[in-house]
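> Could you look at this predicted model? Sequence included:
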Amino acid sequence: MITWATLITLLRIILIIPLVVLLLDNNIVGAAVILAVACFTDLIDGYVARTYNQRSKMGEVLDPLADKLLMLTTFTTVWFTMEDLVPTWLLIFLWCKEGILAIGALIFFVTSHRLQPARRSGKMAMLFQVMYGLLLFFTRYTELQPVWIKGMQVGVFLTALYALYDYAKHGFSLIKKSI
């Protein structure tokens, strides 16, 4: 059964398409609005799921998938369209991190027949990515100092690295318990 919370999550996935189109068309303000709306849907779907008891297995899978697709697509498109705003090393790291976490989640699911729950570290990493994404869009319209962008890159990297470590550590402990 598809719940309202799941429909809101699906909307976040669908919003990726106009976000990419706007970025490719160099409509940075429009892209920033779409990214902000998409990020807001992340808050809304969680609220709806908890408040109205609409948690579902589909939502547990789609919600983090939507977050990862949204941010990876945003950073990849910005990397292609706006020179030097997203460094290649950071983009490669984020793609590798998500690939490793996806493999780990699959291993965890196969061994325990459960989904790995969301962790604070992942939410913190997502928050830094959203802030960085929005910051990137406004570099075109502000006199933002490069040190702020570099600082956010470091923040995105460190929080993503910590999330990778935290999920791996937690996942291994859960797998050990289920064996």
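Done, it's in.

> Please count neighbours and contacts with C-alpha atoms only from this point.
Fine.

> Which parts of the protein are helices?
Assigned by DSSP state H, the helices in the chain fall at 4-14, 16-24, 28-51, 57-81, 88-112, 120-138, 146-178.

> Including mean neighbour count and mean pLDDT, could the ones you listed go into JSON lines?
Below are these laid out as JSON lines (neighbours: other C-alpha atoms under 10 Å; pLDDT from 0 to 100):
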{"stretch": "helix 4-14", "mean neighbour count": "20", "mean pLDDT": "96"}
{"stretch": "helix 16-24", "mean neighbour count": "18", "mean pLDDT": "97"}
{"stretch": "helix 28-51", "mean neighbour count": "18", "mean pLDDT": "94"}
{"stretch": "helix 57-81", "mean neighbour count": "18", "mean pLDDT": "94"}
{"stretch": "helix 88-112", "mean neighbour count": "15", "mean pLDDT": "92"}
{"stretch": "helix 120-138", "mean neighbour count": "19", "mean pLDDT": "93"}
{"stretch": "helix 146-178", "mean neighbour count": "16", "mean pLDDT": "89"}
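
> First-to-last residue distance for stretch 12-28?
Using C-alpha to C-alpha, to the nearest Å, one end of stretch 12-28 lies 18 Å from the other.

> can you list contacts of that stretch?
Under the contact criterion C-alpha atoms under 8 Å, 6 or more residues apart in numbering, stretch 12-28 has outside partners 30-31, 34-35, 38-39, 41-42, 66, 69-70, 73-74, 77-78, 81, 137-138.

> Which residues does stretch 48-66 contact?
2-6, 9-10, 12-13, 42, 115, 117-118.

> ok, now stretch 85-99?
Contacts of stretch 85-99 (C-alpha under 8 Å, 6+ apart): 68, 72, 75-76, 78-79, 136, 153, 157, 160-161, 164.
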